[in-house]
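*Asks:* Here is the input, now give the coordinates:
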Amino acid sequence: EVIHRNARRSVYQKIAWQLTEDCVAGQERPDVAVVECEEHVALAREAAEKSIVLLKNEGDVLPLTTGPGVSIAVVGDLADSANLGDRGSSMVTPSSISLPLQAIEAAAGAATIEYFASHVDLSRLADFDVAIVVAGLTYRDEGEFIPTAQKEAEDTEFAPGGDRAFLELPRAQRDLIERAVAAAKRVVV
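*Replies:* Residues are numbered from 1 along each chain as shown. The predicted structure follows:
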């Protein structure tokens, strides 16, 4: 009875939205050439840029000074890894990505950049003009829990997924930020 009820809901939505394999709401599927076309990439970039929120800028750390003689420490495992969303309905496979570390290196010009993984000693951060901590959530912290998709993507333990009760960063990420703040002169998170 439950299976029939749920299947009926799914079929109803497909009929209501006229979804078939080859059309969506009565329209032909777009040509594959529009995927990641210049116009769509520009729109995605604009949406991302407009969604950035600066919460605090104590001591006017931002905008950063870059160029010769400036030293920047980039801290955190997420700076040097692709973090593209969960393993469920929002899972994407873009043709190229820009890791935060690569983007910082490109924007910093002739500044000296050094990368520090999350687990290393951060006491040397005091030697840098500024430390940029890249922190955040991964699919392990939020998103859908789909064991099959995760097992196919990697051979590790399953992430809990699902809705979170709290919005704060995971403890390990908060600890990383606190360690960087304790060690560095100036920090951007």
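
*Asks:* which residues touch stretch 115-127?
*Replies:* Contact partners of stretch 115-127, identified using CB atoms under 8 Å, 6 or more residues apart in numbering, comprise 71, 73-77, 79-80, 101, 131, 172, 176, 179-180, 183-185. C-beta coordinates here come from the backbone N, C-alpha and C atoms, glycine included.

*Asks:* Repeat that for stretch 128-140.
*Replies:* 61, 64-65, 70-76, 78-79, 83, 85-87, 100-101, 104, 114, 122, 125, 150, 159-161, 169-170, 173, 176-177, 180, 183-189.

*Asks:* Would you mind checking the residues you listed for buried ones?
*Replies:* Listed as buried from those are 61, 64, 70, 72-76, 78-79, 86-87, 100-101, 104, 122, 125, 150, 159, 161, 169-170, 173, 176-177, 180, 183-184, 186-189; burial here means 16 or more other CB atoms under 10 Å.

*Asks:* Just the ones of the contacts of stretch 115-127 in helices?
*Replies:* Applying DSSP state H to these, the entries found in helices are 101, 172, 176, 179-180, 183.

*Asks:* least confident pick among the residues you listed?
*Replies:* Within those, the minimum per-residue pLDDT falls on residue 172 (94).
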